[in-house]
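[1] the sequence and its predicted three-dimensional model are supplied below.
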Amino acid sequence: MELINKLLQGDKRACARIITKIENNEDEAVDILKEIYKHTGKAHVVGITGPPGGGKSTLTYRLSKDLSNQGKKVGIIAIDPTSPFSGGSILGDRIRMNELSTDPNVFIRSMGTRGHLGGLSKATHGGIKAFDAFGCDYIFVETVGVGQSEVDIVRTADTVVMVMVPGLGDDIQAIKAGIMEIADIFAVNKSDLDGAERTTAEIRMMVEMGNNENKPSILNVIANKNKGILELIEEINRHKEYLVLSGKLEEKRTERIRSEIITLIEDEIKSRIFNDKDIYKLLDNVLKNVYNKEIDPYSAKDKLFKAIV
Amino acid sequence: MDRPIRVLVAKPGLDGHDRGAKVIARALRDAGMEVIYTGLRQTPEQIVSAAIQEDVDVVAMSILSGAHNHLFPKVVNLLKEEGIEDILIIGGGVIPEDDIPGLKEAGIEEVFTPGTPTTVTIDFIKNNLKK
């Protein structure tokens, strides 16, 4: 297909068009993904995650700019939430990255979550593959601002950078399960603000309590003043090297493939079931019975399940 | 096919007021569109680059500084140079009536001046998509 050839040659419009097809779940998209799969696996995928307003976009901008200056090709997938009511969204991550728009080494794509939970959009994985085949050396995936349990990024990225800021809570927040467990690197941003030392110390304490063999590193950065960015790039590269030398990269990516295939099967089963009009009708019919307490939801499930299998 | 319309909302030029652009962005969001908001002080080159990367259906620009006669057509021309003719380009802001025919001539498909109900803009977009 011509579009694929153009993508492989690094054509930006072809890349953009292919990501659109993936996002819109067009029939062609799967054929394209099948075809480009063998050209993927070269890019290092870095997740940039953390609470809203922590500086993820600004940090992504700085990292990408410096990598571009080093001659690297960078793809950025920036995700913002879709409204559950209107289906619309305001994707505002580019505001902090405008200077990169005309950088020939950088490609930025904004995505709405479109109903997907977990901090990413459903098309994120496909978008990463497109960027990989497009020839990116680094792919940054900037998640939505996360709360405590949006951890999908850990099954998506090779290296997870958790962007923290001073003053978000006491040290008990730091030992909670969830997002604090998934970081490979903690970047304490806005480190010129009051409380930065305390935040750094609390994270350090939490990290030292853990018993992973490769403890996450902690860096202080000030993204909007361009401080600590080169050190962060070095740390990302150090983590990448660790993954390769320890064999963890293969392990991580193999697990990712497992969860990807499971998700594909789940999606297929769901769409087959709910595209079946008879089953949908059966579901509609049973709702009133459940509401009137004539039957409970669990028995209703059994009834429907029998019809399905 | 059920897909959200993607709109790039951009402020070319040097004026620092984006309230109108934000109102429009919000209204388009509530109409179910994906709005890529790029913020203030964009060059035409940045707008065109972003439109390509984001593969948008619509470029919506707002100017209050008076530079519309220069900047709006520049964006149209740069897109043309890239061989892109399937993006709907619209403009808004403080734009004198007398300038509107010229802008339309230059390829801005519609110009929305202050006071236009957001529903008018939404309907125009929905009815004039080129993709």
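    Nice, thanks for sending it over.
[2] spell out which parts of the stretch 1-150 of chain A neighbour chain B.
    For the stretch 1-150 of chain A, the residues in contact with chain B (Cβ under 8 Å from any Cβ of the partner chain) are A:12-13, A:16-17, A:19-20, A:23-24, A:26, A:82-83, A:86-92, A:94-95, A:98, A:101-102, A:107-110, A:112, A:114. C-beta: built from backbone N, CA, C; applies to glycine.
[3] what comes into contact with whichever strand or helix holds residue A:304?
    Residue A:304 is located in helix A:297-308, with elements delineated by DSSP states H and E. Residues outside helix A:297-308 that contact it (Cβ atoms under 8 Å, 6 or more residues apart in numbering or on different chains): A:273, A:278, A:279, A:282, A:283, A:286, A:289, A:290, A:295.
[4] now the element after the helix ranked longest in chain B, going C-ward?
    If you go by DSSP state H, chain B has its longest helix at helix B:68-81. Of the helices and strands lying after helix B:68-81 in sequence (DSSP H and E), the nearest is strand B:88-93.
[5] mind listing what's buried in the following helix or strand past that next one?
    Reading on from strand B:88-93 to the C-terminus, the next helix or strand found by DSSP H and E is helix B:100-105. Buried residues in helix B:100-105, counted by 16 or more other Cβ atoms under 10 Å in any protein chain shown: B:100, B:103.
[6] parallel or antiparallel, list what pairs with the helix or strand that helix B:100-105 is followed by.
    Following helix B:100-105 in sequence order, the next helix or strand is strand B:110-112 (DSSP H and E). Using DSSP bridges, the strands paired with strand B:110-112 are strand B:88-93 (parallel).
[7] before we move on, the earlier item: I'd like the contacts of helix A:297-308 written out as a markdown table, with pLDDT, distance to chain B and neighbour count added.
    Shown next, in a markdown table, are the contacts of helix A:297-308 (pLDDT from 0 to 100; distance: Cβ to the nearest Cβ, whole Å; neighbours: other Cβ atoms under 10 Å in any protein chain shown):
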| residue | pLDDT | distance to chain B | neighbour count |
| --- | --- | --- | --- |
| A:273 | 82 | 19 | 15 |
| A:278 | 84 | 23 | 9 |
| A:279 | 84 | 21 | 15 |
| A:282 | 87 | 24 | 15 |
| A:283 | 88 | 21 | 16 |
| A:286 | 91 | 27 | 18 |
| A:289 | 93 | 31 | 14 |
| A:290 | 96 | 29 | 15 |
| A:295 | 94 | 33 | 15 |
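[8] now secondary structure and distance to residue B:27 too, for the residues you listed, in JSON lines please.
    Formatted as JSON lines, the contacts of helix A:297-308 follow (DSSP: H, G, I helix; E, B strand; the rest coil; distance: Cβ to Cβ, whole Å):
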{"residue": "A:273", "secondary structure": "helix", "distance to residue B:27": "37"}
{"residue": "A:278", "secondary structure": "helix", "distance to residue B:27": "41"}
{"residue": "A:279", "secondary structure": "helix", "distance to residue B:27": "38"}
{"residue": "A:282", "secondary structure": "helix", "distance to residue B:27": "40"}
{"residue": "A:283", "secondary structure": "helix", "distance to residue B:27": "36"}
{"residue": "A:286", "secondary structure": "helix", "distance to residue B:27": "40"}
{"residue": "A:289", "secondary structure": "helix", "distance to residue B:27": "42"}
{"residue": "A:290", "secondary structure": "helix", "distance to residue B:27": "39"}
{"residue": "A:295", "secondary structure": "coil", "distance to residue B:27": "44"}
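[9] between those residues, which sits nearest residue B:3?
    Set against residue B:3, the nearest of the contacts of helix A:297-308 by Cβ to Cβ is residue A:273 (23.0 Å).
[10] just checking, the closest one touches residue A:279?
    Yes. With contacts counted by Cβ atoms under 8 Å, residue A:273 reaches residue A:279, the gap being 5.7 Å.
[11] so which of the residues of the stretch 1-150 of chain A next to chain B sit within helices?
    Cross-referencing these against helices under DSSP H gives A:12, A:13, A:16, A:17, A:19, A:20, A:23.
[12] mind giving me CSV with those residues and columns for neighbour count?
    Below are these laid out as CSV (neighbours: other Cβ atoms under 10 Å in any protein chain shown):
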residue, neighbour count
A:12, 17
A:13, 16
A:16, 20
A:17, 18
A:19, 27
A:20, 20
A:23, 24
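[13] where are the low-confidence patches of chain B?
    Low-confidence segments of chain B, defined by pLDDT under 70: B:1.
[14] meant to ask about chain A, not that
    The model of chain A has pLDDT under 70 over residues A:147-149, A:169-179, A:212.
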